[in-house]
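# Fold the following for me, if possible:
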Amino acid sequence: MSPYKTKGTIKNWLFAIGLMLFLIIFMVCKFFATSKATASETIAQEMTGTVGNYADVLKDQLAVMTETAQPFSKLAEKYSDEDTDIWQDIVDTLCTNSYAYMVLITNKDGIGINNNSDIIDLGHVAYFSKINQEEQGYYYIESDGVLDKKALLSVIPITGSDGEKELVMLYYSADNFAGIMNEMEFNGQSFFMLIDGDGNVISKLGNEYSKFMKEDLNFFDLILKGKTAEGIYANVHTRMTNGYSGTFKVTMNGEKRTLVYVPLGIENWYVVAGVDENYVTKMENLTWEPSKNIISKLIAVLFVFFGLVLAAELINKIRFAEENRNLENIAETDMLTDLNNKMSTETKIARYMMTSPEKGAVLFVLDIYNLNKINDTMGHAFGDEVLRALGHDIRSVFRVSDVLGRTGGDEFTIFLKNIEGDENIYKESRKMLQFFRDFKVGDYVKYSATASIGVAVYPRDGADFESLYKVADQALYKAKKRGKNQLAFYNEELDKNHNQYT
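Below is the predicted model of the structure:
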């Protein structure tokens, strides 16, 4: 068999194996995602069911309170508002035998009696004017106008024997909500809310509520203010408007929660639970664990096999990449000083400006003096040694992340990243000056290497490399006029203040 035919056969087999592995991995990954999603959905349904049970208890208590009042309301229709003794007996009985903490019978103007035999006038109370006197309904009120308690109000319209409209009003304390909910539910890291159709919080329970909210917010404002998935506000608002239950994740004040919302079935009110995300994740993982173990083992076997098939190719690619990197480093490096060359220096500085426009930096442009005299006196070999030593020593002064480059025969460019604040800028400038005051090569000191240094601050003095380098070069000219081993800022204020430190 010819080598070309053998190579073709091997390629065909590799292609077939690769395709088979791809299909298997695709199916495993799909099952992986599906099983995880199923686990999440299962826990969401369980939490929704738990909250739904609490909602049913609250709904049943309100319904029982209203149903208990129905026959007494029919009885009250046989009397007029002048039969106060009969009405007094009715409200007393209703208050004793229902979940209501207060019961009133009033006329259409809000004047009537309560279970304490008090004559009550609700005509001036804001919520009374909003009551539909034609149909039985429920209302949430911030204050009942009598005992100043927050309440859920059930109103039953009746017609007295004299033909006048009357109202039987039963007040259910909003604080009863706390008695129904179990604060230790969901591992004791939960809170509950009862909200009306507009998202206003009627009642709340749990110490975790204040940690999560830290301020009283409307439920829908909470979704907007907290961190949620895109479009979650519209989705939740629509579902709640249409009476659906559900869950969604939100982060507020650093606290991650899964919010479970279930309709109460009365006046579009909702019971909401805030469940700690750690608890949710733990329960999902427990549900998902058996499937995950099987999938993980299968994927491990597949990857080991696939890894063996591709090992030789991968090794070749690594070698090629390493050689390519070495070539790139050679192309980017000044061979004498081992610093970045001119093109690499400009490219790296420009890349930083593009990726970090909000972060500060400092650009130093340096001209080295006495290099020609050193070459003439000691020879070019020693001059080259000076430049090599300069490149070596300057790398030890600054960070690996900074851009250090030789951009000309005796010109160096140093770009210090992430430098914020004038004091830090001055600190780096003093370090630069001190470096050249201390720098020497061997014992030769007749013509020591000194530098004039121009400084520009990014982005204060320039927002791109060209403009920043231009003003740094102007600062370099200013430094040269001052003499050797001098440093000048392009910014006049920085230059003035810096001279006070040197």
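# switch to C-alpha atoms for all contacts and neighbour counts from now on
Noted.
# any idea of the pLDDT on the nearest residue to Tyr127 once chain neighbours are set aside?
The spatially closest residue to Tyr127, leaving aside those adjacent along the chain, is Ile141, at 6.8 Å (CA to CA, 6 or more residues apart in numbering). Ile141 is assigned 91 on the pLDDT scale.
# and if you look at Lys427?
Turning to Lys427, the model gives it a pLDDT of 92.
# Also Lys446?
pLDDT at Lys446 comes out at 57.
# Run through who's touching the strand or helix carrying Phe220.
Here Phe220, judged by DSSP states H and E, is contained in helix 219-225. By CA atoms under 8 Å, 6 or more residues apart in numbering, the residues outside helix 219-225 that reach it are Ile195, Gly199, Asn200, Val201, Ile232, Tyr233, His237, Val250, Met252.
# which parts of that helix are buried?
Phe219, Phe220, Leu222, Ile223 (16 or more other CA atoms under 10 Å).
# Roughly how far does the last one sit from Lys427?
For Ile223, the distance to Lys427 (CA to CA, to the nearest Å) stands at 46 Å.
# the helices in the stretch 351-500 of the chain, which residues?
Taking DSSP state H, counting those that start in this stretch as the criterion, the stretch 351-500 of the chain carries its helices at 371-378, 380-397, 422-438, 465-482, 492-501.
# Measure how the last one sits relative to helix 422-438, angle-wise.
Regarding helix 492-501 and helix 422-438, their directions subtend 60 degrees when assessed with axes from the mean of the first three to the mean of the last three CA atoms, to 10 degrees.
# Buried by neighbour count: which residues of helix 492-501 qualify?
By neighbour count on 16+ other CA under 10 Å, the buried set for helix 492-501 is Leu494, Asp495, His498.
# from these, which single one is nearest Phe398?
Using CA to CA, His498 comes nearest to Phe398 of the buried residues of helix 492-501, at 20.1 Å.
# Test my guess that that closest one contacts Tyr426.
Yes - using CA atoms under 8 Å, His498 is in contact with Tyr426, at 6.3 Å.
# Quick one: mean pLDDT over the host helix or strand of Val236.
Using DSSP H and E, Val236 sits within helix 232-241. Averaging pLDDT along helix 232-241 gives 90.
# Okay, buried residues for it please.
For helix 232-241, by 16+ other CA under 10 Å, it's Ile232, Tyr233, Val236, His237, Met240.
# From Gly226, how far off is the second one?
What that stands for is Tyr233. For Tyr233 relative to Gly226 (CA to CA), the value is 10 Å.
# So what pairs up with Thr273 in the strands?
Check again: residue 273 is Ala, not Thr. Assessed by DSSP bridges, Ala273 has beta-bridge partners Phe192, Val260.
# which one of the buried residues of helix 232-241 is nearest Ala151?
Using CA to CA, Met240 comes nearest to Ala151 of these, at 22.1 Å.
# give the contact list for the closest one.
So Met240 contacts Pro263, Asn268 (CA under 8 Å, 6+ apart).
# circling back: any chance of the contacts of helix 219-225 in a markdown table, with distance to Gly274 too?
Putting those into a markdown table (distance: CA to CA, whole Å) gives the following:
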| residue | distance to Gly274 |
| --- | --- |
| Ile195 | 13 |
| Gly199 | 15 |
| Asn200 | 16 |
| Val201 | 13 |
| Ile232 | 16 |
| Tyr233 | 16 |
| His237 | 17 |
| Val250 | 9 |
| Met252 | 11 |
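# Could you list which residues are in contact with Leu371?
Contacts of Leu371 by CA under 8 Å, 6+ apart are Gly383, Asp410, Ala449.
# Please write out the alpha-carbon positions of the helix holding Val236 in PDB.
Only the C-alpha atoms of helix 232-241 are listed here, as PDB (Å, rounded to 0.1, in the frame of the first residue of the first chain):
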ATOM      1  CA  ILE A 232     -36.900  40.200  33.900                       C
ATOM      2  CA  TYR A 233     -39.000  43.300  35.000                       C
ATOM      3  CA  ALA A 234     -41.400  43.100  32.100                       C
ATOM      4  CA  ASN A 235     -41.600  39.300  32.400                       C
ATOM      5  CA  VAL A 236     -42.400  39.300  36.100                       C
ATOM      6  CA  HIS A 237     -44.800  42.300  35.800                       C
ATOM      7  CA  THR A 238     -46.800  40.600  33.000                       C
ATOM      8  CA  ARG A 239     -46.900  37.200  34.800                       C
ATOM      9  CA  MET A 240     -48.100  38.800  38.100                       C
ATOM     10  CA  THR A 241     -50.700  40.900  36.300                       C
END
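# from the chain's centre, how far out does that helix sit?
21 Å (CA atoms, centre = their mean, to the nearest Å).
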